[in-house]
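Trainee: okay, predicted coordinates and the sequence, questions at the end:
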Amino acid sequence: MASSELWTATRATAVNTQMGASHAIPGSRDVVKIWMIWDALTAVAAAVAATLIRYPVGLKAGAKEFLDGKLIPVPSVSLLLSILAGFILVLLLTSQRFHLYSPRLIGNFLSEQRLSFQACIIAGLLLSGSLYVLHASRVPREIVFLTIAMVTVGVGVRRMLLRIIRYRKLDRGVGIRSLLIVGTGQEAKDLRRNLESVRHFGFVCKGFIAARNEGADSDPEIVGDLDSMFDYARKNFVDEIFIAAPLDSAQIREMLFTAHEIGVDLRLVPEQFGGLTLNSPIEYIGQFPTIPLHRSDLREFEQALKRTLDIALSSLVLLVLSPVMAVIAILVKMDSPGPVFYLSERLGKKGRIFRCMKFRSMVNDADKQRQELAAHNERDGILFKMSNDPRVTKVGRILRKYSLDELPQFINVLKGEMSIVGPRPPVGSEVKQYKLNHLRRLNATPGITGLWQVQARQDPSFDNYISLDLAYIENWSIWLDLRIILRTVAVVVAGTGC
């Protein structure tokens, strides 16, 4: 199985990624790209709107007159476009200098609005100065002032809306970041109190880690020491570790290496650490200055594309196949007594529990009969599979052959509980038997299909099942998702689902 083209390409990507990895802080370049693009588009939209307000013509006619040099009496249209490009560049650079493109929301609302206002005004002043130096006196001042005003308002409103959206997500438990604090002293406890008291941080503290030179006491909030810290972090899906205890540079370097390996963010409440913090940016989390030593790449741009793809494809499938699903529902109901849908509690990303939907393909008491059939399991370890499972109904056998029983899971995709592509969502009894490394499967949103489904669906090995899921998580990209979706269509048409 592992020699196929898809698997070879996936493994090659893994090797290239590891060889090209840097020990520097990667941050989240995608977040910066998205916010820069939004600011640039806001500036362009403001300039167009200001021009149309000053010269009220149709958009299409106005564009033609502008390009012909008839709309605005300036010596050169290219000069005007260059000035606008310069304004956008200064706006982006100034916003970057004010840390407005930080990959995580760590400042308060008023501070963000103030810095955003300052960035727009600085860019606007330089725009006005450029017009004066270049003797572009025939550019209507109304357009200049309207552009600056609308950019300032537009950027501020957009940032406010993004913050409101984030607050609502946090209220639903989406985007919550679990953290550990290294240290057991008063500073560590103050840090926890500060982090959990500010709404937009979205932090939940999982406990304290006792440093070697502190000595753990009977405090129930102390969940381990430095030796067990990363094991605890992986078992409890910790996103970030704050170091608020005096450690030597060798300990910090060792922690930094491990954090990079397992993808946990590491942040330091600064003291002097032998050059480790030299030239590192200081970010204030509330009133506490911290130094991010490692930050995983959020890849929010690709994640947004993935979510958009999920919504578009699942909506299309549910719309187009709704008559088919209605017929299936009738057939399931006529074939055997019981509900149309089978709802089972599954574990999603970070161990969140949700109800996974399927058309019922087995008899109504199938779960109770599973223990009696355990001796006939054809899979290794945790997974259960029987080629001639007596619990499967007549209609269910056809549904499973062509994977039609999984169509209702597109509703789970629309709700954000699942993705079209990802590791299959496990049940709680399976996860209890996982080894520590297996828990990495839960770092991704579960999917309807995945690398294992198209690559090794008939392979009885649980280790191969896990390996393929972990390979997908480590090497995920939109292109890999699209390839898996195309391979899934071929698998479904071929009817190899059973």
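Mentor: Perfect, thanks for sending it. Numbers count the residues shown, from 1 in each chain.

Trainee: so how many other residues sit close to Val238?
Mentor: By other Cβ atoms under 10 Å, 24 other residues sit near Val238. All C-beta spots, glycine's among them, are computed from the backbone N, C-alpha and C.

Trainee: where do the helices sit along the stretch 201-350 of the chain?
Mentor: 229-235, 249-262, 300-320, 322-335 (DSSP state H, counting those that start in this stretch).

Trainee: hey, C-alpha coordinates of the second one in CSV?
Mentor: Backbone C-alpha positions of helix 249-262 (Å, rounded to 0.1, in the frame of the first residue of the first chain) are rendered in CSV as follows:
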residue,chain,number,x,y,z
SER,A,249,19.2,28.2,29.4
ALA,A,250,19.9,24.5,28.8
GLN,A,251,16.5,23.6,30.2
ILE,A,252,14.8,26.2,28.0
ARG,A,253,16.6,25.0,24.9
GLU,A,254,15.6,21.4,25.6
MET,A,255,12.0,22.5,26.1
LEU,A,256,12.1,24.6,22.9
PHE,A,257,13.3,21.6,20.9
THR,A,258,10.5,19.3,22.3
ALA,A,259,7.8,22.0,21.8
HIS,A,260,8.9,22.3,18.2
GLU,A,261,8.7,18.5,17.7
ILE,A,262,5.2,18.1,19.0
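
Trainee: from Glu406, how far out is Tyr342?
Mentor: Noted for Tyr342: a distance of 11 Å to Glu406, by Cβ to Cβ, to the nearest Å.

Trainee: give the residues shared as contacts by those two.
Mentor: Lys358, Phe359 (Cβ atoms under 8 Å, 6 or more residues apart in numbering).

Trainee: for the lengthiest helix in the chain, packing partners?
Mentor: For the chain, the helix with the greatest residue count under DSSP state H is helix 141-171. Under the contact criterion of 3 or more Cβ pairs under 8 Å, 6 or more residues apart in numbering; DSSP states H and E, helix 141-171 touches helix 29-54, helix 109-133.

Trainee: what are the buried residues along that helix?
Mentor: Using 16 or more other Cβ atoms under 10 Å as the test for burial, helix 141-171 gives 143-144, 146-148, 150-152, 154-156, 158-159, 163, 166, 170.

Trainee: could I get the average pLDDT for the following helix or strand past that helix?
Mentor: Following helix 141-171 in sequence order, the next helix or strand is strand 177-182 (DSSP states H and E). Across strand 177-182, pLDDT averages out at 91.

Trainee: contacts for strand 177-182 next, please.
Mentor: Strand 177-182 is contacted from outside by 188, 191-192, 195, 201-209, 211, 223, 226, 229, 232-233, 236-245, 247, 350, using Cβ under 8 Å, 6+ apart.

Trainee: which among these count as buried?
Mentor: By 16+ other Cβ under 10 Å, the contacts of strand 177-182 give 188, 191-192, 195, 201-203, 205-209, 211, 223, 226, 229, 232-233, 237-245, 247, 350 as buried.

Trainee: return the subset of these lying in strands.
Mentor: Secondary-structure check on the buried ones among the contacts of strand 177-182 using DSSP state E: residues within strands are Phe203, Cys205, Lys206, Gly207, Phe208, Ile209, Val223, Glu240, Ile241, Phe242, Ile243.

Trainee: of those residues, closest to Leu110?
Mentor: Phe203 (20.3 Å; Cβ to Cβ).

Trainee: contact partners for that closest one?
Mentor: Counted by Cβ under 8 Å, 6+ apart, Phe203 has contacts Ile176, Arg177, Ser178, Leu179, Leu195, Glu196, Glu240.

Trainee: can you pull up the bridge partners for it?
Mentor: Assessed by DSSP bridges, Phe203 has beta-bridge partners Arg177.

Trainee: hmm, Leu115 is touching Ser102, no?
Mentor: No: counting by Cβ atoms under 8 Å, Ser102 is not a contact partner of Leu115; they are 10.7 Å apart.

Trainee: output the contacting helices and strands for whatever helix or strand Val493 lives in.
Mentor: Assigned by DSSP H and E, Val493 belongs to helix 478-494. In terms of contacts (3+ Cβ pairs under 8 Å, 6+ apart), helix 478-494 is packed against helix 5-20, helix 300-320, strand 419-421, strand 447-449, helix 451-455.

Trainee: out of these, which gets the lowest mean score?
Mentor: The bottom spot among the helices and strands packed on helix 478-494, by mean pLDDT, belongs to helix 5-20, with a mean of 40.

Trainee: distance check, the nearest residue to Ala47 once chain neighbours are set aside against Lys350.
Mentor: Closest residue to Ala47 apart from its sequence neighbours, by Cβ to Cβ, 6 or more residues apart in numbering: Thr147 at 4.9 Å. Separation of Thr147 from Lys350 (Cβ to Cβ): 44 Å.

Trainee: over to Ile37?
Mentor: 29 Å.

Trainee: again with Val90
Mentor: 40 Å.

Trainee: likewise Leu468?
Mentor: Leu468 is 21 Å from Lys350, by Cβ to Cβ.

Trainee: Met418 too?
Mentor: 14 Å.

Trainee: so the residue lying closest to Arg346 once chain neighbours are set aside: helix, strand or coil?
Mentor: Sequence neighbours aside, Pro425 is the residue nearest to Arg346 in space, at 3.7 Å (criterion: Cβ to Cβ, 6+ apart). Assigned state for Pro425: coil (three-state reduction, DSSP: H, G, I helix; E, B strand; the rest coil).

Trainee: my read is that Pro425 contacts Lys349, right?
Mentor: No: with contacts counted by Cβ under 8 Å, Pro425 stays clear of Lys349, the gap being 9.3 Å.

Trainee: need the residues touching each of those two.
Mentor: Joint contacts of Pro425 and Lys349 (Cβ under 8 Å, 6+ apart) are Pro446.

Trainee: so the two - more neighbours on which side?
Mentor: Applying other Cβ under 10 Å to Pro425 and Lys349 shows that Pro425 carries more neighbours, namely 25 against 21.

Trainee: residues contacting that one?
Mentor: Arg346, Leu347, Gly348, Phe354, Cys356, Met418, Pro446.

Trainee: the fourth one bridge partners, please.
Mentor: For Phe354, the beta-bridge partners are Arg346 (DSSP bridges).

Trainee: what sits against it?
Mentor: Per Cβ under 8 Å, 6+ apart, neighbours of Phe354: Glu345, Arg346, Gly348, Asn412, Glu417, Met418, Pro425.

Trainee: burial count for the second one?
Mentor: Applying other Cβ under 10 Å, we find 21 other residues in the vicinity of Arg346.
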